[in-house]
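K.L.:
I need the structure of the sequence given here:
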Amino acid sequence: MEDFSEILKNELPSLTRFENSKISIQEITDIRKKEIKIEEISIIVPSLRLDNIISDLAKTSRSKAAQIINQERVFVNGQNETKLSKQLKLNDVITIRGKGRFIIKEFTGTTRSGRTVIKIEKYV
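P.N.:
Residues are numbered from 1 along each chain as shown. Now for the predicted structure:
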């Protein structure tokens, strides 16, 4: 029996969608995995409320952050979150549609005025 990849290579050009395409066979081991790049950022927030953190991550005002949350564009640990006052904690994964994915990595301290400094990893 002929190798399946050879059959595909011979039959795909006969389909109209692939007739002008160049088709080649590659070993799965030759295909590279997508490299995940992470950028570390620090933000300073008055509290660990979702709307405070979203406003800093999306670089917008708290009222615009509230709109983003109410439009159901924010996910915390894979779950859609619409509660503005939700308290976030260490290792929470925050996804903002159109802005990116972030992980709360560390609470590095507080400022003199009592604000919290948070170290966050952003997927680039």
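K.L.:
confidence score at the spatially most central residue of the chain?
P.N.:
Centroid-nearest residue in the chain: residue 101, 2.7 Å away (criterion: Cα atoms, centre = their mean). Residue 101 is assigned a pLDDT of 95 by the prediction.
K.L.:
so what strands line up beside the longest strand seen in the chain?
P.N.:
The longest strand of the chain (DSSP state E) is strand 100-110. The strands that strand 100-110 pairs with in its sheet are strand 93-96 (antiparallel), strand 116-123 (antiparallel) (by DSSP bridges).
K.L.:
any idea of the mean pLDDT in the longest one?
P.N.:
Strand 116-123 shows a mean pLDDT of 95 in the predicted model.
K.L.:
residues contacting that strand, please?
P.N.:
36-48, 53, 57, 100-111 (Cβ atoms under 8 Å, 6 or more residues apart in numbering). In this view, the C-beta of every residue, glycine as well, is placed from N, C-alpha and C.
K.L.:
now the buried members of these.
P.N.:
Among these, those classed as buried by 16 or more other Cβ atoms under 10 Å are 43, 45, 48, 53, 57, 102, 104-105.
K.L.:
how distant is the helix or strand bottoming out on mean pLDDT in the chain from the center of its chain?
P.N.:
Counting by mean pLDDT, DSSP states H and E, the chain has its least confident helix or strand at helix 4-11, which shows a mean of 76. Going by Cα atoms, centre = their mean, to the nearest Å, the spacing between the C-alpha centre of helix 4-11 and its chain's C-alpha centre is 37 Å.
K.L.:
ok, residues contacting it?
P.N.:
Contacts of helix 4-11 (Cβ under 8 Å, 6+ apart): 23-25.
K.L.:
neighbour-wise, give me the winner out of those.
P.N.:
residue 23 (11 neighbours; other Cβ atoms under 10 Å).
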